[in-house]
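> I'll drop the sequence and a predicted model, then ask my questions.
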Amino acid sequence: MTRSIRTAVLLRRPLLAAALALALVAGGVAAWAGWSWYGAAHDESADYAAARDAALEAGEQAVQNLNTLDHRQLDRGLDLWESSTTGELHSQLAKGREEFAVQVAEAKTVSTAKVLSGALTELDQRAGRARVLVALRVTVRASDAKATEKDSRMLGELTRTKGHWKLSALGQAPVGDTATD
């Protein structure tokens, strides 16, 4: 069939022409969708976002853990502190555990922390290190006193150990202008 004959056949059969055009469009959409799906499935930014979210969640939880302690469940709370930390911070907590437990038991305090917000300020997946900034509200209640609330910002360093993020350093975040003349 020559080209003019094929065109004449398609013009006489408009339904066949529409089906052919629709098939071509559907094939193009399927190819585009497959290519897009493949690209998204192999995109490293999704892995990075998941790692970022996991580090932030672990950092917020660890900071909250280290600011929460009940004298009535002291061993449980201090065990949680130790399981939330690694490195030098873990060593310091383990070393001072007994002395600190005596102080908290005598004071009969209950401290409860609530994370207000948090942000990951740095993430190095290859090195297994991250930094987190966490704003929290800590409520402290002594046995004979009224509860007091304090808002604070904490800077934490995280280290990945056996697939889990743990705090390896923790300190107060500077507030206001800390520049010196």
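Sure, I can see it. In this text the structure is predicted, and so the values were computed from the model without any measurement.
> secondary structure class for residue 169?
Three-state call for residue 169 (DSSP: H, G, I helix; E, B strand; the rest coil): strand.
> typed the wrong thing, it's residue 154
Look at residue 154: counting by three-state DSSP, its state is strand.
> cool, the one 3 residues further on as well?
Residue 157 falls in the strand class when you classify it by three-state DSSP.
> go on, residue 160?
Classified using three-state DSSP, residue 160 is strand.
> now the host helix or strand of residue 29: mean pLDDT?
Assigned by DSSP states H and E, residue 29 belongs to helix 14-41. Mean per-residue pLDDT for helix 14-41: 83.
> next SSE after that helix?
Next along the chain after helix 14-41, taking DSSP H and E as the criterion, comes helix 44-66.
> elements contacting that following helix?
Judged by 3 or more Cβ pairs under 8 Å, 6 or more residues apart in numbering; DSSP states H and E, helix 44-66 is in contact with helix 74-83, strand 110-124, strand 129-141, strand 148-161, strand 164-172. C-beta: built from backbone N, CA, C; applies to glycine.
> chain center to it: distance?
Relative to the centre of its chain, helix 44-66 is centred 2 Å away, using Cα atoms, centre = their mean, to the nearest Å.
> For the helices and strands packed on helix 44-66, please prepare CSV with the additional fields distance to residue 53.
Below are those laid out as CSV (distance: least, Cβ to Cβ, whole Å):
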stretch, distance to residue 53
helix 74-83, 21
strand 110-124, 9
strand 129-141, 11
strand 148-161, 13
strand 164-172, 11
